[in-house]
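Student: requesting a structural model of the entry that follows:
(2 chains)
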Amino acid sequence: MAFSQAEVLAGLAEIVNEETGIATDSVQLEKSFTDDLDIDSISMMTIVVNAEDKFGVKIPDEEVKNLITVGDAVNFIVSAQG
Amino acid sequence: MTQPVLNQYDVVKYSRIYALGAARGDLTVTNDDIAGPIDSSDEWIRQRTGIITRRRASKDLSLMDMAVAASKEAIAKAGIDPQEIGAVIFSTITHPFQTPSAAALLADKVGANPAPAYDVSAACAGYCYGIAQADALVRSGMAKYVLVVGGEKLSDFIDPTDRSISFLLGDGAGAAIVGPSDFPGISPTVWGSDGSHWDAVSMTGSLLEFRDGETSWPTLRQEGQTVFRWAVWEMAKTARKALEVAGVKPEELSALVTHQANIRIIDELAKQLKLPENVVIARDIVTTGNTSAASIPLAMHSLLESGQVKSGGLALEIGFGAGLAFGAQVVVLP
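Tutor: Here you go, the predicted model:
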């Protein structure tokens, strides 16, 4: 069963919260992981791996650098579900 | 005429680590000392690496000096005659000569001449590779005792402006004496390599490119995110496999001694393994830095010296790094 954009955003917000303590309602589509949420590269990788588990998708290392905003990550996950 | 029957080695059933030795760089380098060229701060480095200080060797303290000091301590504590050492294995990536090996000189300097001696290039997995080989050499009967050293002077191969790995690195050497045992002291080793990620931790150029003026002095670099993902989630699988082949449950461990790469890797790896609270997690990186092949024996030595773990307990040791090479085994603490 494919996750909707809203479900992916909510799930991702939970993962971000667990890794960094950032409130889930701060994790919004237009927010930049680095500039707005102050998430470093190591935390980002932990979030990526947990998102892979949660949504059953593969996010290659070379793709991670393109995930600038939360929306980038949500869109990638939604489309990677096939 | 009858065919003569060959002699072969008489096998030995078990092996164990008899003793460890340690030597660290003579300089204590703070984050403030190195933050300038990478436009960073003490807080940034602590947060991302857990390192407060790292130990580096001054110009006059060589890799060989540290290896000899660590080896002499291990030999003395093991209570063996160095002439009984049947092989010397030196795991290092910072011996500054293509040939001869660092191990041959080390063997001579510690009184083990004419023991067979060779270097192992497996970067941060080098110590676990060395223990695996020592275990095999002892149990096959090829050597009575084996001196295994993981040693690095990484500060010779760093770039002060590099934000990927240089600021993590320190210098030191750790040594172990492996020999025959009445009980199983070293589990089967889970080891391997993945050359499809050969570039994930590597040098900025080759010596030939340096000779031809095509690159500056080659220094270490890494793709941090790729390495982090591999070091935590792939190495968690390797660690679980090592426990399985050892026949040991996580709660039966006294300590987890990982390669001291970065506190974030160590903590996340420990979290993935769901170790109970009584298992001590080695965090020598905080004051020593990342010393590649030396980091596991240095961290284990430190846990034993400080009394955080006791001789006879079980430790899971796991090394991982450039290659990408990895090795893990459970050992009885000396």
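
Student: list the contacts of the residue sitting nearest the centre point of chain B.
Tutor: Nearest to the geometric centre of chain B sits residue B:293, at 2.9 Å (C-alpha atoms, centre = their mean). By C-beta atoms under 8 Å, 6 or more residues apart in numbering or on different chains, the residues touching residue B:293 are B:91-93, B:122-127, B:130, B:150-152, B:319. Any C-beta I mention is one placed from the backbone N, CA and C, and that applies to glycine too.

Student: please repeat the previous calculation with a cut-off of 6 Å.
Tutor: Taking C-beta atoms under 6 Å, 6 or more residues apart in numbering or on different chains, we find residue B:293 in contact with B:91, B:92, B:126, B:127, B:150, B:152.

Student: can you name the residues of chain B sitting close to chain A?
Tutor: With C-beta under 6 Å from any C-beta of the partner chain as the criterion, chain B meets chain A at residues B:224, B:225, B:226, B:228, B:229, B:233, B:264.

Student: can you select the buried ones among those residues for me in PyMOL?
Tutor: The PyMOL selection below is limited to those of the residues of chain B next to chain A classed as buried (16 or more other C-beta atoms under 10 Å in any protein chain shown):
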select buried, chain B and resi 224+225+226+228+229+233+264
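
Student: could I get the residues of chain B next to chain A in a markdown table, plus columns for pLDDT and secondary structure?
Tutor: Formatted as a markdown table, the residues of chain B next to chain A follow (pLDDT from 0 to 100; DSSP: H, G, I helix; E, B strand; the rest coil):
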| residue | pLDDT | secondary structure |
| --- | --- | --- |
| B:224 | 88 | helix |
| B:225 | 88 | helix |
| B:226 | 90 | helix |
| B:228 | 91 | helix |
| B:229 | 91 | helix |
| B:233 | 91 | helix |
| B:264 | 92 | helix |
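
Student: circling back: assumed the residue nearest to the centre of chain B was part of a strand.
Tutor: No - under DSSP: H, G, I helix; E, B strand; the rest coil, residue B:293 sits outside any strand and is assigned helix.

Student: how about residue 54: what's its closest non-neighbour residue?
Tutor: Let's take chain A. Counting by C-beta to C-beta, 6 or more residues apart in numbering or on different chains, the nearest residue to residue A:54 once its immediate chain neighbours are dropped is residue A:11, at 5.4 Å.

Student: hmm, no, I was thinking of chain B.
Tutor: residue B:289 (2.7 Å).

Student: ok, the one you found touching residue B:172?
Tutor: No - using C-beta atoms under 6 Å, residue B:289 is not in contact with residue B:172, being 8.6 Å away.

Student: the more surrounded of these two?
Tutor: Counted by other C-beta atoms under 10 Å in any protein chain shown, residue B:289 and residue B:172 do not tie: residue B:172 has more neighbours, with 33 against 28.

Student: check the secondary structure at that one for me.
Tutor: strand.

Student: just checking, residue B:87 touches residue B:114?
Tutor: No - with contact defined as C-beta under 6 Å, residue B:87 and residue B:114 do not form a contacting pair (11.2 Å).

Student: out of these two, which sits in the busier spot?
Tutor: Per other C-beta under 10 Å, whichever of residue B:87 and residue B:114 has more neighbours is residue B:87, with 23 against 9.

Student: that's a strand at that one, yeah?
Tutor: Yes - applying three-state DSSP, one finds residue B:87 inside a strand.

Student: enumerate the beta-bridge partners assigned to it.
Tutor: Here residue B:87 sits in beta bridges with residue B:146, going by DSSP bridges.

Student: quick one: it from residue B:43, how far?
Tutor: 46 Å (C-beta to C-beta, to the nearest Å).

Student: so how far is the helix or strand of chain A with the lowest mean pLDDT off the chain centroid?
Tutor: Each helix and strand of chain A was given a mean pLDDT (mean pLDDT, DSSP states H and E); the minimum falls on helix A:61-64 at a mean of 89. Relative to the centre of its chain, helix A:61-64 is centred 12 Å away, using C-alpha atoms, centre = their mean, to the nearest Å.

Student: list the buried ones in it?
Tutor: Buried residues in helix A:61-64 (16+ other C-beta under 10 Å): A:61, A:64.

Student: now the helices: where do they sit in chain A?
Tutor: A:5-20, A:41-55, A:61-64, A:70-80 (DSSP state H).

Student: okay, those in TSV with distance to residue B:74 next?
Tutor: Below are the helices of chain A laid out as TSV (distance: least, C-beta to C-beta, whole Å):
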stretch	distance to residue B:74
helix A:5-20	41
helix A:41-55	34
helix A:61-64	39
helix A:70-80	49
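
Student: indicate which one of the ones you listed is closest to residue B:82.
Tutor: Nearest to residue B:82 among the helices of chain A is helix A:41-55 (43.4 Å), distances taken as C-beta to C-beta.

Student: buried residues in the closest one?
Tutor: So helix A:41-55, judged by 16+ other C-beta under 10 Å, has buried residues A:42, A:43, A:44, A:45, A:46, A:47, A:48, A:49, A:50, A:51, A:52, A:55.
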